[in-house]
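A.B. asks: This is a predicted model, with the sequence first.
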Amino acid sequence: MEVYYGLLLAVLSCIFIGISFIIKKISLKRLGFKGHTRAGAGGYGYLKDWLWWLGILSMGIGEGLNFGAYALAPASLVTPLGALSVLVTAVLASKILHERLNLLGKIGCTLCILGSTVIVLHAPKDEDPDTIYGLAERLKSSGDFVLLFFTSVSYLSSDY
């Protein structure tokens, strides 16, 4: 039953995060109409706007819900649902901000819904490891440790 609560939190998280982008965009557009310097040009008027902070609060709530979802449901279920926040933002931008979604955007939104649904329906039913030793055993048995090792070595040996 916890898994369903986790999925619910993940979906609510997507809604709050998607709404936060719309609120912040409305705030920035409103400030632009008032003649404030744009943020990209060095302006910081948005920091004084209550609506922008409401968008930040909404994003914080969404991220908190997402954190709770990871505690209740496996990451293989919660992570794909994060893509739905893009869908929520696209739909709300179309309805509230009157932005037009072209054909490729609509196809992308449809694929996002289908992909998330398929992953959630066919996610593995593995139990989470209870101890750090159980996690280490899983890493050794699955081959993920080898991938992690080679990725780390290649990153550390690069010229960054």
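C.D. replies: All right, it came through fine. Numbers count the residues shown, from 1 in each chain.
A.B. asks: Can you say which helix or strand has residue 90 in it?
C.D. replies: helix 84-95 (DSSP states H and E).
A.B. asks: Identify each buried residue in that helix, please.
C.D. replies: By 16 or more other Cβ atoms under 10 Å, the buried positions in helix 84-95 come out as 84, 85, 86, 87, 88, 89, 90, 92, 93. (Each C-beta comes from the backbone N, C-alpha and C, glycine too.)
A.B. asks: List the buried residues in the longest helix belonging to the chain.
C.D. replies: As assigned by DSSP state H, the longest helix anywhere in the chain is helix 2-33. Using 16+ other Cβ under 10 Å as the test for burial, helix 2-33 gives 6-7, 9-28, 31.
A.B. asks: pLDDT weak spots in the protein?
C.D. replies: 39-40, 124-129, 138-139, 141-145, 159-160 (pLDDT under 70).
A.B. asks: Check it for me, the residue farthest from its geometric middle.
C.D. replies: Here the chain reaches farthest from its C-alpha mean at residue 35, the gap being 32.1 Å by Cα atoms, centre = their mean.
A.B. asks: what's near enough to touch the residue nearest to the spatial centre of the chain?
C.D. replies: In the chain, the centroid-proximal residue (Cα atoms, centre = their mean) is residue 82; its distance is 4.0 Å. Residue 82 makes contact with 10, 13, 14, 66, according to Cβ atoms under 8 Å, 6 or more residues apart in numbering.
A.B. asks: Out of the residues you listed, flag the one nearest to residue 106.
C.D. replies: residue 14 (18.3 Å; Cβ to Cβ).
A.B. asks: Spit out the contact partners of that closest one.
C.D. replies: By Cβ under 8 Å, 6+ apart, the neighbours of residue 14 are 62, 81, 82, 84, 85, 87, 88.
A.B. asks: Look up how far residue 46 lies from the fourth one.
C.D. replies: With distances taken as Cβ to Cβ, to the nearest Å, residue 84 is found 26 Å from residue 46.
A.B. asks: and what of residue 53?
C.D. replies: Distance, residue 53 to residue 46, by Cβ to Cβ: 9 Å.
A.B. asks: who's more crowded, these two?
C.D. replies: Using other Cβ atoms under 10 Å, the more surrounded residue of residue 53 and residue 46 is residue 46, with 20 against 15.
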